[in-house]
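Q: next comes the sequence, and after it the predicted model I'd like to discuss.
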Amino acid sequence: MFPNGTRVFYWNAAGQTIYGTVQSSQRAADGTLILGIRTDGGTTVSLPAANVTKV
């Protein structure tokens, strides 16, 4: 669903749109898909796939 290299975006707590690229994915114990995303600003975040959108 979100292979490595997929371009995505999400909104941060301040309401800003953040763009990035999926670097990794893994399943949490409860089955939630967690994505490792490298933002265009250079930081790495981990978010549930349900909270991001493909560009």
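A: Ah, there it is.
Q: scan the protein for its longest strand.
A: Taking DSSP state E as the criterion, the chain has its longest strand at strand 17-27.
Q: let's see that strand as CSV, backbone CA atoms only.
A: Provided in CSV are the C-alpha atoms of strand 17-27 (Å, rounded to 0.1, in the frame of the first residue of the first chain):
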residue,chain,number,x,y,z
THR,A,17,1.2,20.3,5.3
ILE,A,18,4.4,18.2,5.6
TYR,A,19,5.7,16.3,2.5
GLY,A,20,8.0,13.3,2.7
THR,A,21,9.0,9.9,1.3
VAL,A,22,8.3,6.5,2.9
GLN,A,23,11.6,4.9,4.0
SER,A,24,10.2,1.9,5.9
SER,A,25,7.1,0.2,7.1
GLN,A,26,6.2,-2.2,9.9
ARG,A,27,3.2,-3.7,11.7
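Q: from the middle of its chain, how far away would that strand be?
A: Between the mean C-alpha point of strand 17-27 and the mean C-alpha point of its chain there is a distance of 3 Å (C-alpha atoms, centre = their mean, to the nearest Å).
Q: so where do the strands sit in the protein?
A: Assigned by DSSP E, the chain shows strands spanning 7-11, 17-27, 33-39, 44-48, 53-54.
Q: most tightly surrounded among those?
A: When neighbours are counted by mean count of other C-beta atoms under 10 Å, the highest per-stretch mean among the strands of the chain falls to strand 33-39, a mean of 18. C-beta: built from backbone N, CA, C; applies to glycine.
Q: quick one: that one to strand 44-48, angle?
A: Orientation note: strand 33-39 sits at an angle of 150 degrees relative to strand 44-48 (axes from the mean of the first three to the mean of the last three C-alpha atoms, to 10 degrees).
Q: now for strand 33-39, which elements pack on it?
A: With contacts defined as 3 or more C-beta pairs under 8 Å, 6 or more residues apart in numbering; DSSP states H and E, the packing partners of strand 33-39 are strand 7-11, strand 17-27, strand 44-48.
Q: tell me what the last one is packed against?
A: Under the contact criterion of 3+ C-beta pairs under 8 Å, 6+ apart, strand 44-48 touches strand 33-39.
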